[in-house]
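Chemist: Quick one, structure for this:
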Amino acid sequence: MKPRSKDSKLKSLLSLAACLLLLVTGLGAAGRSNAKEVFMFNFDQDALGQAPTGFTSYASGDGPAGKWLVQEMGGAPSGRQVVVQTDADPTRNRYPMLIADKGEYADLDVSVKGKAISGKVDQGIGLVFRFRDPKSYYVVRANALENNFRLYKMVEGRRQQFAEADVQVASGQWHSLRAVAQGDHIVCYFNGQKLIDTYDAAYSKGKVGLWTKADSVTAFDDLTVAKP
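Modeler: Numbers count the residues shown, from 1 in each chain. This is a model prediction of the structure:
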């Protein structure tokens, strides 16, 4: 057998190097595709006294839309600024909403921190997901007057409750709400505790945002969304 020439050996080495490069590149791409993308809105870069950029206010149910303003607030979960729904219109079936303009999510892990400031009719802290329009969405909410945690779906403009849990919701304190939706499986947490584990297939994807009810004046911070 004739010994291989230098050119032949060089070609073999280059071929092996190319294979190794493809393998490493492929592993790197796989690692990036599995990385969890997280988006957070904490309102610290928004102008005080104005509505936050990148969000749209909607009226849902009866009555007017909310008035959402960025404010400074001591003790905010992060930074110094939060967004507050400030309009205390008492229409009972009024659901002011503030929805992030960008991003539609199917499977998602979404959370927010909220504080009920005042309200005689209601003191609702709500987290919206799979929002299609003001008549079609899911919302999980905590109520500081009723001390409960409920999951609703809005169907053709009618609110339908389909899961709940009793829990202490202190007014004037920050609480965390979280919803994890994968397919028709929905799990909801309050202050890190899993309280709702249910199934529903009304909506498969949509936007995320914030929600209150009636005359609730409520502060929000750290709206965070990721793929589970």
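Chemist: Val84: which element?
Modeler: strand 81-85 (DSSP states H and E).
Chemist: Compute the inter-axis angle for the helix or strand that that strand is followed by and strand 81-85.
Modeler: Counting by DSSP H and E, the next helix or strand C-terminal to strand 81-85 is strand 94-100. Angle of strand 94-100 versus strand 81-85, following axes from the mean of the first three to the mean of the last three C-alpha atoms, to 10 degrees, is 150 degrees.
Chemist: Run me through the strand neighbours of the very next helix or strand once past strand 94-100, direction for each.
Modeler: The element immediately downstream of strand 94-100 (helix or strand, assigned by DSSP H and E) is strand 108-118. Partner strands for strand 108-118, per DSSP bridges, with pairing direction: strand 175-182 (antiparallel), strand 217-226 (antiparallel).
Chemist: I'd like those written out as a markdown table, with mean pLDDT and mean neighbour count added.
Modeler: Yep, even glycine has a C-beta here, placed from its N, CA and C like the rest. Output for the strands paired with strand 108-118, formatted as a markdown table (pLDDT from 0 to 100; neighbours: other C-beta atoms under 10 Å):
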| stretch | mean pLDDT | mean neighbour count |
| --- | --- | --- |
| strand 175-182 | 98 | 20 |
| strand 217-226 | 97 | 22 |
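Chemist: neighbouring contacts of the strand holding Val84?
Modeler: 42-44, 46, 48, 52, 66-73, 76, 96, 98, 117, 210, 212, 216-221 (C-beta atoms under 8 Å, 6 or more residues apart in numbering).
Chemist: and that strand, what's its mean pLDDT?
Modeler: On average, the pLDDT along strand 81-85 is 98.
Chemist: for it, the distance to its chain's centre please.
Modeler: 16 Å (C-alpha atoms, centre = their mean, to the nearest Å).
Chemist: for it, which positions count as buried?
Modeler: Of all the residues in strand 81-85, those buried under the rule 16 or more other C-beta atoms under 10 Å are 81-85.
Chemist: Distance to Ile196 for the residues you listed - can I get that in CSV?
Modeler: Output for the buried residues of strand 81-85, formatted as CSV (distance: C-beta to C-beta, whole Å):
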residue, distance to Ile196
Gln81, 30
Val82, 25
Val83, 25
Val84, 26
Gln85, 23
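Chemist: Spatially, which two of those residues are the most separated?
Modeler: Farthest apart among those by C-beta to C-beta are Gln81 and Gln85. That separation is 14.8 Å.
Chemist: Save the strands paired with strand 108-118 as a markdown table, and put in distance to Ser136 too.
Modeler: Shown next, in a markdown table, are these (distance: least, C-beta to C-beta, whole Å):
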| stretch | distance to Ser136 |
| --- | --- |
| strand 175-182 | 15 |
| strand 217-226 | 19 |
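Chemist: And the ones you listed: which comes nearest Ser204?
Modeler: strand 175-182 (9.2 Å).
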